[in-house]
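Colleague: A structural model of the following input is requested.
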Amino acid sequence: MRQLSKPATIAIGLCILAGFVHAANPTAAPLHAGDVFPEFSGQTLTGKSLTLPAAAADRPAVLVFSFSRAAAKDARLWNEHMARDFPNTVAAYAIVVLESAPRVFRGLAISGMKSTMPVSAQGRTIMLYRDEELWKQRLAVTDERRAYVLVLAPSGTICWTSSDAFSGAMYTRLKNQLQKLSLPRP
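Modeller: Now for the predicted structure:
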């Protein structure tokens, strides 16, 4: 049997290694209206495990993703308006992605959130410590300083997305989308 040269052996090794790196860092196409939202699980601020979209399967859901401390204000505005206008008709969840936050600061971030958030909202706030790049791809994140919002039908199908900063006009669009799902107007 013929032996490979040293450069050929190195090239083959790098190709194999690249395959392992690619498998460890999957890529995903951006999510759009009409797509089924992919299932994922995480732990809420109250310590409960929650799986979406199954947790909201009986009603429409609004998911608000944030990837940085700067996005927290934007996410809070979306969530506060949802809690005020649709307290019992829409399942609203905040997904805080903390994978890139240094571990030493995660505890401080969590205690800060708990101290400023009502307990009812803590049970709908999911901490995500993995797959940050995957979610950034799925949500087509271009600006980590703002929240990314999705509206899901009870079936788990995405009906609407927004990568715009919170504004009265954008919130009206979200409410109109929820109205299309036969919800009573707030």
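Colleague: how about the residue nearest the centre of the chain, what does it touch?
Modeller: Nearest to the mean C-alpha position of the chain, by CA atoms, centre = their mean, lies residue 65 at 3.9 Å. Counting by CB atoms under 8 Å, 6 or more residues apart in numbering, residue 65 makes contact with 75, 95, 97, 135, 139, 147-150. The C-beta positions use only the backbone N, C-alpha and C, and glycine is treated the same way.
Colleague: Now the element after the lowest-mean-pLDDT helix or strand in the chain, going C-ward?
Modeller: When the helices and strands of the chain are compared on mean pLDDT, DSSP states H and E, helix 6-24 comes out lowest with a mean of 45. For helix 6-24, the following helix or strand on the C-terminal side (DSSP states H and E) is strand 40-44.
Colleague: Work out the sheet partners of that next one and label each with its direction, please.
Modeller: If you go by DSSP bridges, strand 40-44 pairs up with strand 49-52 (antiparallel), strand 125-128 (antiparallel).
Colleague: In terms of helix, strand or coil, where does residue 63 fall?
Modeller: Secondary structure assignment for residue 63 (DSSP: H, G, I helix; E, B strand; the rest coil): strand.
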